[in-house]
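Visitor: Fold the stuff below for me.
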Amino acid sequence: RESSVKMTATTLTQRLFDDADTAPIDPCSLFEEWFSEAKLAEPNDPHAIALATVDADGLPDVRMVLLNAYDHRGYCFFTNFESDKARQLLAHPRAALVMHWKSLRRQVRMRGPVDLGDDGEADAYFSTRARVSRVGAHASRQSRPLANRYTLLERVETLKKSFGDDEPVSRPRHWSGFRLVPQVMEFWKDGANRLHDRVRFTRGESGWTRQRLYP
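Guide: Here you go, the predicted model:
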């Protein structure tokens, strides 16, 4: 059943699933429409994404991260550059992601190359995090073995004291962003009896083309 979130007439979503409408649709604008509805309907973390990378052996690796920024250039997330995912992306700068909004019964998939984000974006997002989260970014040796939780909490407390109560907590140099530049975007909507709607957009030299897919 489609979400109770009401769509106004002639939305991109309505156009997407109207087979008689063959005029071009910008998938990035369509994503923004879906994401805006998800932020109203999804009770927890509408910006959560499952991010897939590959390791040195070509073995897929996937984890949940947060979509923190997006624009015409692509879809950006931030991480410790000493983490497994960052090391994998630096060695093999390609990725896939999926965003699933259960409340809307929709999902979006993307695949493409990954670029490094810029320092200004990373600084801007880092400044919005809670102070303890900023300290935590300094404290965490992400993806490395940890003896016990107490060790982590002790590192956080030690760093909190070193920063003091009023000193700004700047972004650590090993913490920044990646941007996925989608070459393929797929929009999926739940249908009765598993007869779902799927539309795939593919980026070419002349722009985006779209194609319905069997569910």
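
Visitor: tell me what the lengthiest strand in the chain is packed against?
Guide: Of all the elements of type strand in the chain, the one with the most residues (DSSP state E) is strand 106-116. For strand 106-116, the packing partners by 3 or more CB pairs under 8 Å, 6 or more residues apart in numbering; DSSP states H and E come out as helix 27-41, strand 74-80, strand 94-101, strand 175-180, strand 184-189. To be clear about C-beta, it is placed using only N, CA and C from the backbone, and glycine gets the same treatment.

Visitor: Model confidence score at the closest residue in space to Gly177 that isn't next to it in sequence, please.
Guide: For Gly177, the nearest residue in space outside its immediate sequence neighbours is Gly117; the separation is 2.9 Å by CB to CB, 6 or more residues apart in numbering. Confidence at Gly117, expressed as pLDDT, is 92.

Visitor: and the helices and strands packed on strand 106-116 as TSV, adding distance to His196, mean neighbour count and mean pLDDT?
Guide: Conversion of the helices and strands packed on strand 106-116 to TSV gives the following (distance: least, CB to CB, whole Å; neighbours: other CB atoms under 10 Å; pLDDT from 0 to 100):
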stretch	distance to His196	mean neighbour count	mean pLDDT
helix 27-41	15	17	97
strand 74-80	23	22	96
strand 94-101	13	19	98
strand 175-180	24	22	97
strand 184-189	6	20	98
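
Visitor: Tell me which of the ones you listed sits nearest to Leu213.
Guide: With respect to Leu213, and counting by CB to CB, the nearest of the helices and strands packed on strand 106-116 is strand 184-189 at 7.6 Å.

Visitor: Where does the prediction get shaky in this protein?
Guide: Of all residues in the chain, those with pLDDT under 70 make up the ranges 1-9.

Visitor: on that earlier part again, angle of the following helix or strand past the longest strand of the chain against strand 74-80?
Guide: For strand 106-116, the succeeding helix or strand toward the C-terminus, using DSSP states H and E, is helix 119-126. Taking axes from the mean of the first three to the mean of the last three CA atoms, to 10 degrees, one finds that helix 119-126 is oriented at 70 degrees with respect to strand 74-80.

Visitor: Checking Pro46 next. Helix, strand or coil?
Guide: Of the three states, Pro46 takes coil according to DSSP: H, G, I helix; E, B strand; the rest coil.
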